[in-house]
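K.L.:
Coordinates for the following, if possible.
(one chain, ligands or ions: 1)
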Amino acid sequence: MIPVAERIIVALDVPDAPTAWQWVQRLPQVRFWKVGLELFVAAGPGLVKDLKAQGLRVFLDLKLHDIPNTVAGACRRVTHLGADLLTVHAAGGTAMLRAAADACAREAEHLGIPAPAVLAVTLLTSLDETVLKDELLIEQSPTDYVAHLAGLALAGGVPGIVCSPHEAEAVRARLGDKLLIVTPGIRPAGAEVADQRRTCTPLQAIRAGADYLVVGRPVLAAPDPAAAFAAIVEEIAL
Ligand SMILES: O=c1ccn([C@@H]2O[C@H](COP(=O)(O)O)[C@@H](O)[C@H]2O)c(=O)[nH]1
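P.N.:
Predicted structure coming up:
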C-alpha cells in the first residue's frame, strides 16, 4: 500500500536548480517530485542524483521517443541517476518499449541498484477527442486509444503507463492490476484547467484506479502551496 502523501507527485516545472531547491525546502511534506524537460535541460542530471541523495523519490519525465537503440542508450544513462520512474512514449512501439525496459533492468543489475520503473506515456492529457480525430487522424475514442496503447505497454514489458484519470478505469477493467497507472491532468475543484483537456479531481482519479497523481500548477501556483498540497492529501485520504 502506497502512503497517501507519496501518491502525489508534484511537478517541479521551474526554470533552474536554485528554484527547484527552494520548493523542496518550502514543501518538506512532498516526498515525490517530478523533474520534467524544462528543469532537466536547465539543471542537468546531477539534480536527480542530488534529490535522491536527500531521500526523495524522483519521477524523471523525459518522454523518450526514438528508435530502440537510441532510447536504450538514454535509459542506461538514466539508470545511473537513481530515478524511481522514467517516461517513454508508448507510440514508440513495443520494440522501443522493450528496449527501454531491458536497458534499465540490465544496467541496474550491472550497477547493483534498483532500476527505474519505465512508464509508457499514452495520450497526453492536453489532447482531446477533436485533436485525436482531426489532427492525429485517429478515429478511436481517447479511452479506446489509451487502452490500446496500454496493451502495447504490457506487450513491451514496461511496468506502467501515464494516462488521464478519464481512461484509468477502462485500463483497470481491461488489464486489472498488471500496470502501474500514473495520472496527470489533476485539477482540484475550482482550479484553473489551463492547457490541460482531460482532467479530473484528485478523488476521481484515485477512484478511477490511479496509483499516483501528478500535480503541478494546482500546488506550485496556488496562493498557499502547502495548504493546496494538504487539501489534496486530505481529499484522497477520504
Ligand atoms: O500526459 C501528460 C504527461 C505528463 N504531464 C506532465 O504532468 C505535469 C502536469 O502539470 P499541471 O501543472 O498539473 O498541469 C506537467 O509537468 C506535465 O509535463 C501531463 O500534464 N500530461
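K.L.:
What are the buried residues along the helix or strand harbouring Asp50?
P.N.:
Asp50 is located in helix 46-53, with elements delineated by DSSP states H and E. By 16 or more other CB atoms under 10 Å, the buried positions in helix 46-53 come out as Leu47, Val48, Asp50, Leu51. All C-beta spots, glycine's among them, are computed from the backbone N, C-alpha and C.
K.L.:
any idea which helix or strand comes after that helix?
P.N.:
strand 57-64.
K.L.:
what packs against that next one?
P.N.:
In terms of contacts (3 or more CB pairs under 8 Å, 6 or more residues apart in numbering; DSSP states H and E), strand 57-64 is packed against strand 8-11, strand 32-35, helix 37-43, helix 46-53, helix 68-79, strand 85-89, strand 212-215.
K.L.:
what's that strand in contact with?
P.N.:
Residues outside strand 57-64 that contact it (CB atoms under 8 Å, 6 or more residues apart in numbering) are 6, 9, 11, 31-37, 40, 48, 51-52, 71, 74-75, 78, 81-89, 92, 100, 116, 121, 182, 212, 214.
K.L.:
packing partners for the helix holding Asp50?
P.N.:
helix 17-26, strand 32-35, helix 37-43, strand 57-64.
K.L.:
And the third one, what does it pack against?
P.N.:
Right, helix 37-43. Looks like helix 37-43 contacts helix 17-26, helix 46-53, strand 57-64 (3+ CB pairs under 8 Å, 6+ apart).
K.L.:
With adjacent residues omitted, what lies nearest to the residue of the chain found nearest the ligand?
P.N.:
Residue of the chain nearest the ligand, by CB to the nearest ligand atom: Gly216 (2.6 Å). Distances taken as CB to CB, 6 or more residues apart in numbering place Ala11 nearest to Gly216, at 3.3 Å, with adjacent residues excluded.
K.L.:
which bits of this protein sit near the ligand?
P.N.:
11, 13, 34, 36, 61, 121, 124-125, 162, 184-186, 196, 214-218 (CB under 6 Å from any ligand atom).
K.L.:
And the next helix or strand past the top helix by length along the chain?
P.N.:
The single longest helix within the chain, with elements called by DSSP state H, is helix 94-111. Later in the chain than helix 94-111, the nearest helix or strand by DSSP H and E is strand 117-121.
K.L.:
What strands flank that following strand, and is each parallel or antiparallel?
P.N.:
Partner strands and pairing direction for strand 117-121 (DSSP bridges) are strand 85-89 (parallel), strand 160-162 (parallel).
K.L.:
how big is the angle separating the longest one from helix 68-79?
P.N.:
Computed with axes from the mean of the first three to the mean of the last three CA atoms, to 10 degrees, the direction of strand 85-89 lies at 160 degrees from that of helix 68-79.
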